[in-house]
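Curious how this folds, go ahead:
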Amino acid sequence: MIYDTQNKTITTNRLVLRLFQKSDAAAVTKLCNNYNIYKNTLYLPYPYTIEDALAWIEHHLDHFTANKSYEFAITDKENGELYGAMALSNNQKFNHGEIAYWIGEEYWGNGYATEAAQAILQFAFEEKQYHKVFARYFQSNPASGRVLQKLGMKKEGVLIDHVKKENRYEDLVYYGIIQQ
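Alright, predicted model coming up:
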């Protein structure tokens, strides 16, 4: 993982994580306007519109600069194609943050989420000096849990019927890792 402070990019073997631009809004809309992504995410609206994408992208740079959160576009290192998003929150009071991500359905199964998450974990611990990083996922989405396990995160617990999605309650599974 190579972090370029000036350009706010993280480069891995196959990917470049970079800030979203307004010009990404159409691609974000195309990827996010997908029921299978919506059903596995807590806050993504559906249907997903270009206005949703623009509103979401609008404050990324401000949040990054203020060290509130870091929202990266997951893109192909060679051709720049957008695969998804990787986010890291920053709770400075507790010196920890949460990772959250989505990958466009046509790109599932290629290891992009794992590769991007490994890079964001390194960014959190080495660049931002976090003590801990955590993540949560719907119990009904075990693929997300496998990404966290590959990162070396440990299951810390399950919050039963913790959130409501489409008129049914979902269990939230918590995973975490402490800087070694």
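
alpha carbons only for contacts and neighbour counts from here, please
Noted.

Could you tell me the end-to-end distance of stretch 12-31?
Terminal residues of stretch 12-31 are spaced 22 Å apart (Cα to Cα, to the nearest Å).

now do stretch 127-145
Stretch 127-145 has an end-to-end distance of 25 Å (criterion: Cα to Cα).

what sits up against it?
The contact list for stretch 127-145 (Cα atoms under 8 Å, 6 or more residues apart in numbering) reads 40-41, 95-100, 121, 124-125, 148, 153, 170-179.

Could I have the buried ones of these as ChimeraX selection syntax?
Of these, the buried ones can be selected in ChimeraX as follows, counting by 16 or more other Cα atoms under 10 Å:
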select :40,41,96,97,98,99,100,121,124,125,148,153,170,171,172,173,174,175,176,177
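
any idea of the pLDDT on the nearest residue to K77 once chain neighbours are set aside?
Among residues not flanking K77 along the chain, L15 sits closest, at 4.5 Å (Cα to Cα, 6 or more residues apart in numbering). As predicted, L15 sits at a pLDDT of 98.

Tell me, how many residues neighbour L15?
For L15, the number of neighbouring residues by other Cα atoms under 10 Å comes to 24.

helices and strands around the lengthiest helix in the chain, which ones?
In terms of residue count, the longest helix belonging to the chain (DSSP state H) is helix 112-122. Under the contact criterion of 3 or more Cα pairs under 8 Å, 6 or more residues apart in numbering; DSSP states H and E, helix 112-122 touches strand 15-19, strand 82-89, strand 96-103, helix 142-150.

Now render these as JSON lines, adding distance to C32.
Below are those laid out as JSON lines (distance: least, Cα to Cα, whole Å):
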{"stretch": "strand 15-19", "distance to C32": "17"}
{"stretch": "strand 82-89", "distance to C32": "9"}
{"stretch": "strand 96-103", "distance to C32": "9"}
{"stretch": "helix 142-150", "distance to C32": "17"}
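
Okay, and the beta partners of L172?
F138, L159 (DSSP bridges).

Just to check, M86 is in contact with T75?
No. In this structure, M86 is not within contact of T75 by Cα atoms under 8 Å, at 10.4 Å.

From the centre of the chain, point out the most distant residue.
The centre of the chain is farthest from one residue, N167, which by Cα atoms, centre = their mean lies 24.7 Å away.

Next up, the contacts around that one.
With Cα under 8 Å, 6+ apart, N167 has no contacts at all.

Spit out the contact partners of M153.
Neighbouring residues of M153 by Cα under 8 Å, 6+ apart: F134, Y175, G176, I177.
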